[in-house]
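> predicted coordinates and the sequence they were generated for:
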Amino acid sequence: QVQLVESGGGLVQAGGSLRLSCTASGRTFSSYAMGWFRQAPGKEREFVAVISWGGGRTYYADSVKGRFTISRDNAKNTVYLQMNSLKPEDTAVYYCAAGAGSVPLVRYDYWGQGTQVTVSS
């Protein structure tokens, strides 16, 4: 079992930056690919980014490519999502997830509770 806890969300103006963190406990963190997803009000949850277990492979949704960066520190059991040049349409609850498989084809087995990101115009 893996427990995931997100942090770092908040309110930011358009054009600003935030860094989300997701800390894992339980089974070996470094054996899992880690992804970020988001869900805006009234919309389905959508993929944002994923990173391989070793950090060598990443994949992004087109909507965030060039603005967001996913990274991980296996010594700290933590995955990060650096979000720059934020737009109001990035407003959502952001979730991290852990899973198995080759990036980007990961099957996610564990999910966090989410952290709210609100971008004002």
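Yep, it's here.

> tell me where the chain has helices.
Per DSSP state H, the chain carries no helices over any range.

> do you know how far the residue nearest the centre of it is from residue 10?
Per CA atoms, centre = their mean, the C-alpha nearest to the average position across the chain is that of residue 36, at 2.6 Å. In this view, residue 36 and residue 10 are 16 Å apart by CB to CB, to the nearest Å. C-betas here are computed from N, CA, C, even on glycine.

> one step back: contact partners for the residue nearest to the centre of the chain?
Counting by CB atoms under 8 Å, 6 or more residues apart in numbering, residue 36 touches 20, 22, 48, 49, 50, 70, 79, 81, 94, 95, 96, 97.

> ok, of those residues, which one's closest to residue 63?
residue 48 (8.2 Å; CB to CB).

> could I get the contacting residues of the closest one?
35, 36, 37, 38, 60, 61, 64, 68, 81, 94.

> before we move on, what about residue 3?
So residue 3 contacts 24, 25, 26, 110 (CB under 8 Å, 6+ apart).

> pull the most distant pair out of those residues.
Maximum distance among the contacts of residue 3 (CB to CB): 10.7 Å, for 25 and 110.

> give the residues shared as contacts by those two.
By CB under 8 Å, 6+ apart, the residues touching both residue 25 and residue 110 are 2, 3.
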